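Asks: structure for this input, please:
(chains A and B)
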2 protein chains.
Amino acid sequence: MTRHAAAQALGALGVCVAVAVCTLYVTKSTAQGARENLPQAESSAAPIYGITIPAGYRDWRLISVAQLAGGNLKQLRAQLGNDIAIKAFREGKLPFPDGAIIAALHWNEAASHDNDKVLASGFPGAGLQSSVAGSAVNVQFMVKDSTKYAATGGWGFADFTNGKPGDEALHKTCFPCHLPAKDRDFVFARYAR
Amino acid sequence: MTRHAAAQALGALGVCVAVAVCTLYVTKSTAQGARENLPQAESSAAPIYGITIPAGYRDWRLISVAQLAGGNLKQLRAQLGNDIAIKAFREGKLPFPDGAIIAALHWNEAASHDNDKVLASGFPGAGLQSSVAGSAVNVQFMVKDSTKYAATGGWGFADFTNGKPGDEALHKTCFPCHLPAKDRDFVFARYAR
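Replies: Modelled structure (predicted):
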């Protein structure tokens, strides 16, 4: 399997979940999109799509939650939507209107020993285990602009680790990975009722 | 182990997670708190604490996400907070001020075959698995009112399945289970950064 194919495959999880497994790669990436007037600084905008972290996204409403697990990887995840995205999700409206933004927050899954202690004493042998969101892995965004991002299904994609955007190679994988969800306007997440 | 002890143990998970394993029990419960002027109707208020489902809680901001697994049980979970609760979480302010409400939403965890298909083709043998929120199990609330609920640490507790409150026996388990979190004002959830 080529590295490109691997990146493509990983990119399809979550909203654009490439980074799930490529975390180290992303963290080490240099800011290829650095602005020329800031030669020493890393750009705050993701390459290709020019997306910066939307202000206040942590205040957005919940779309759904998810888990990704396998090998050494174990993540808990949440997708949040801005007002336009949430309205479209709730109404089942496709395609998403321009202005819709979806945020995907990924955390390392951490065992909750506090909870497990209570479970173990109440249900010895039952094997109940609780886990919670631990340290942040990354946050990703899909921004709908059917004109600006016409070449990629109307969506721009962006990935940030510790506030820094991933590199161009990473961002090239986002749209191909979302192609399987074409009949849902390239969005994997479904609204949790 | 007595049934009471079991209920206590389960009650301590999530926000007040007793219902995680007691779902059937809860679903079948009659509304012991039914108002006398509605003898044929089930009460919409949880027993003991008199809490009804807060309007608009699904629009509240995200506190964190969690998973509970063991035996046949597998749930994905999210905690949401009203403005007062979120402010207190972000500022690390304890105890929570009156008016704070925490909502715990629990869903059956569902395998995402769409995501798994992409993973399997990109990473054969890697064993990566994706799961998402499936059908709703229940929703629970903690309401802070240090006067009204002085006997239970200042918190009122409520559990609803399909919009109907659990019975009195269930609600009696909530506070005892939250006692281990006394140093965090009886709240298990931690804010996910």
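Asks: so what's the gap between the longest strand belonging to chain A and the chain middle?
Replies: Of all the segments of type strand in chain A, defined by DSSP state E, the longest one is strand A:129-144. Relative to the chain's own centre, strand A:129-144 is displaced by 7 Å; criterion: C-alpha atoms, centre = their mean, to the nearest Å.
Asks: next one, pLDDT for residue A:124 please.
Replies: The pLDDT attached to residue A:124 in the predicted structure is 68.
Asks: no no, residue A:74
Replies: Note for residue A:74: predicted pLDDT of 95.
Asks: sorry, back to before: elements contacting the helix or strand that the longest strand of chain A is followed by?
Replies: Scanning forward in sequence from strand A:129-144, with DSSP states H and E defining helices and strands, the next element found is strand A:155-161. Contacting strand A:155-161 under the criterion 3 or more C-beta pairs under 8 Å, 6 or more residues apart in numbering or on different chains; DSSP states H and E are the following elements: helix A:23-28, strand A:129-144, helix A:168-172, helix A:174-178. (Each C-beta comes from the backbone N, C-alpha and C, glycine too.)
Asks: now for those, which one comes closest to chain B?
Replies: Comparing the helices and strands packed on strand A:155-161 by their distance to chain B (C-beta to the nearest C-beta), the top pick is strand A:129-144, with 3.9 Å.
Asks: what about the closest one and chain B, touching?
Replies: Yes. If you take C-beta under 8 Å from any C-beta of the partner chain as the test, strand A:129-144 does meet chain B, through A:129, A:130, A:131, A:132, A:133, A:136.
Asks: which strands or helices does that strand pack on?
Replies: Of the remaining helices and strands, those touching strand A:129-144 by 3+ C-beta pairs under 8 Å, 6+ apart are helix A:23-28, strand A:73-81, strand A:101-111, helix A:113-122, strand A:155-161, strand B:61-70.
Asks: distance from the chain centre to the third one, please.
Replies: Centroid separation between strand A:101-111 and its chain, computed with C-alpha atoms, centre = their mean, is 7 Å.
Asks: again, but for stretch A:102-112
Replies: Averaging C-alpha positions (C-alpha atoms, centre = their mean) puts stretch A:102-112 10 Å from its chain's average.
Asks: just stretch A:111-131 next, same as before
Replies: Counting by C-alpha atoms, centre = their mean, stretch A:111-131 is centred 30 Å from the centre of its parent chain.
Asks: one more: stretch A:51-58?
Replies: Centroid separation between stretch A:51-58 and its chain, computed with C-alpha atoms, centre = their mean, is 13 Å.
Asks: between the two ends of it, what distance do you get?
Replies: Criterion C-alpha to C-alpha, to the nearest Å; first-to-last residue distance in stretch A:51-58 is 16 Å.
Asks: what is the mean pLDDT for that stretch?
Replies: If you average the per-residue pLDDT over stretch A:51-58, you get 98.
Asks: who touches that stretch?
Replies: Around stretch A:51-58, the neighbours that count as contacts under C-beta atoms under 8 Å, 6 or more residues apart in numbering or on different chains are A:44-46, A:80, A:82, A:101, A:103, A:105, A:139, A:141, A:143, A:156-158, A:160, A:163, B:61-62.
Asks: which SS class is residue A:182?
Replies: Using DSSP: H, G, I helix; E, B strand; the rest coil, the three-state assignment for residue A:182 comes out as helix.
Asks: please report the distance of it from chain B.
Replies: 12 Å (C-beta to the nearest C-beta, to the nearest Å).
Asks: ditto for residue A:96
Replies: If you measure residue A:96 against chain B using C-beta to the nearest C-beta, the figure is 18 Å.
Asks: SS state for that residue?
Replies: Here residue A:96 is recorded as coil under three-state DSSP.
Asks: weakest of the helices and strands packed on strand A:155-161 in terms of mean pLDDT?
Replies: For the helices and strands packed on strand A:155-161, mean pLDDT drops lowest on helix A:23-28, to a mean of 26.
Asks: go ahead and confirm residue A:154 touches residue A:175.
Replies: No. The pair residue A:154 and residue A:175 does not pass the contact test of C-beta atoms under 8 Å, sitting 10.4 Å apart.
Asks: what touches both of the two?
Replies: Going by C-beta under 8 Å, 6+ apart, residues that sit against residue A:154 and also against residue A:175 are residue A:186.
Asks: sketch out the low-pLDDT regions of chain A for me.
Replies: Across chain A, residues meeting the criterion (pLDDT under 70) sit at A:1-42, A:119, A:121-124.
Asks: can you rerun that using 80?
Replies: Applying pLDDT under 80 to the predicted model, the residue ranges of chain A that meet it are A:1-43, A:118-127.
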